[in-house]
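*Asks:* when you get a sec, could you give me coordinates for this:
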Amino acid sequence: MSSPPPSPWEHEKLLFVTPVVKDEDGRKLTRTMRRTHALQSLFDFYHAMVPTVPRGEGAFLYRGERVDGERTPEDYGMQDGDQIDFLLETKASMFVTLKVETKASMFVTLKVHDLVGRVFTRTMRRTDRLHDVIDFYVSMVPNDGNGRLVFRGWQISPENIPMDYEMKDDESIYIVFFPKSKPGQRCSCWKPPLSEQ
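*Replies:* Residues are numbered from 1 along each chain as shown. From the prediction side, this is the model:
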């Protein structure tokens, strides 16, 4: 008995990696990126998501070694789920340390699926527009069609935010390309996997 042929995604999967940035406050931010893109884009993503941490301060460490932002995940041999630690650097001349509390619950990590079987992981603020998910997907997989978001079998508006739908970590959003329908209208042309029905 022969095994089924590999999906087109199996070959493309080798092009992407999903590292996790974890900081001292326990925040975990996850982002899928190309293995050949400079890690600086991941660092910029972290600073954009956690604006209380000044750019240029702190160190990103992988396996205990400082990470060079000009190098790529491929240079470091990173695999999906590998953790990069972010530590703020302290200076001996500092007398007072101010700490701004940011709750980890202000973020949500979503899995973005497409019809080919690709899965990308994206951490975002619960108050960011869901259109950012479409922009993120198109930056990874250029496409000329109009993307629609489907969550729990319903088309959702990209103008809304994750809080509007009470999205939780590791929930799936599907990006599909099909004829226009209105947000809140049941998507008859899309069937989510059995695990989500």
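
*Asks:* what's the first helix or strand after the strand or helix carrying residue 150?
*Replies:* Assessed by DSSP states H and E, residue 150 sits inside strand 148-151. Remark: after strand 148-151, the chain's next helix or strand is strand 154-156, criterion DSSP H and E.

*Asks:* find the helix or strand that residue 60 is a member of.
*Replies:* Using DSSP H and E, residue 60 sits in strand 59-62.

*Asks:* that strand - which strands sit beside it in the sheet, and in what orientation?
*Replies:* Partner strands for strand 59-62, per DSSP bridges, with pairing direction: strand 65-66 (antiparallel), strand 83-87 (antiparallel).

*Asks:* ok, which stretches of the chain are helices?
*Replies:* With DSSP state H, the ranges of helices along the chain come out as 8-13, 40-49, 73-76, 131-140.

*Asks:* the third one: which residues count as buried?
*Replies:* Spelled out, that is helix 73-76. With burial defined by 16 or more other C-beta atoms under 10 Å, the residues of helix 73-76 counted as buried are 73, 76. Glycine gets a C-beta too; all of them are placed from N, C-alpha and C.

*Asks:* again, but for the second one
*Replies:* When neighbours are counted by 16+ other C-beta under 10 Å, the buried residues of helix 40-49 are found to be 42-43, 45-47, 49.

*Asks:* how far away is the closest residue in space to residue 68 that isn't next to it in sequence from residue 149?
*Replies:* Spatial nearest neighbour of residue 68, chain neighbours left out: residue 39 (7.5 Å); criterion: C-beta to C-beta, 6 or more residues apart in numbering. Counting by C-beta to C-beta, to the nearest Å, the separation of residue 39 from residue 149 is 28 Å.
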